[in-house]
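Participant: No letters, just coordinates:
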């Protein structure tokens, strides 16, 4: 399904990195929402799950102060990020407007 580290990102698609950890309750609640979005945006947006315990350098690179944290990587332009548990509606709006320019 998902690659483990952004170093493995080989895509021309805009991407969403889900920085999470198994012990994080809000991360566990966000996970099924991310899974749904990954299916709905298949072929248009790449999704990656990054376990911060296993990828501490990646977490540091994105200045992850708290998790869950989603990093939005447009095809061109500046990275964006949002922390905390978010609704599917909020994430759909961000993906549509920020990553896909709708």
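Facilitator: Sure, I can see it. Since the structure is predicted, the reported quantities are computational estimates derived from the model, not experimental observations.
Participant: got the buried residues for the strand or helix carrying residue 38?
Facilitator: Counting by DSSP states H and E, the element that carries residue 38 is helix 25-40. Under the neighbour-count criterion of 16 or more other CB atoms under 10 Å, helix 25-40 has 27, 30, 33-34, 37-38 buried. (C-beta placed from N, C-alpha, C; glycine too.)
Participant: So which elements touch the helix or strand following it?
Facilitator: As assigned by DSSP H and E, the chain's next helix or strand after helix 25-40 is strand 46-51. The helices and strands touching strand 46-51, judged by 3 or more CB pairs under 8 Å, 6 or more residues apart in numbering; DSSP states H and E, are strand 15-20, helix 25-40.
Participant: helices and strands of this protein: which one bottoms out on pLDDT?
Facilitator: Here the helix or strand of the chain ranked lowest by mean pLDDT, DSSP states H and E is helix 56-61, holding a mean of 89.
Participant: Not counting its neighbours along the chain, what's nearest the most centrally placed residue in the chain?
Facilitator: By CA atoms, centre = their mean, the chain has its centre lying nearest to residue 17, at 2.7 Å. Closest residue to residue 17 apart from its sequence neighbours, by CB to CB, 6 or more residues apart in numbering: residue 71 at 4.2 Å.
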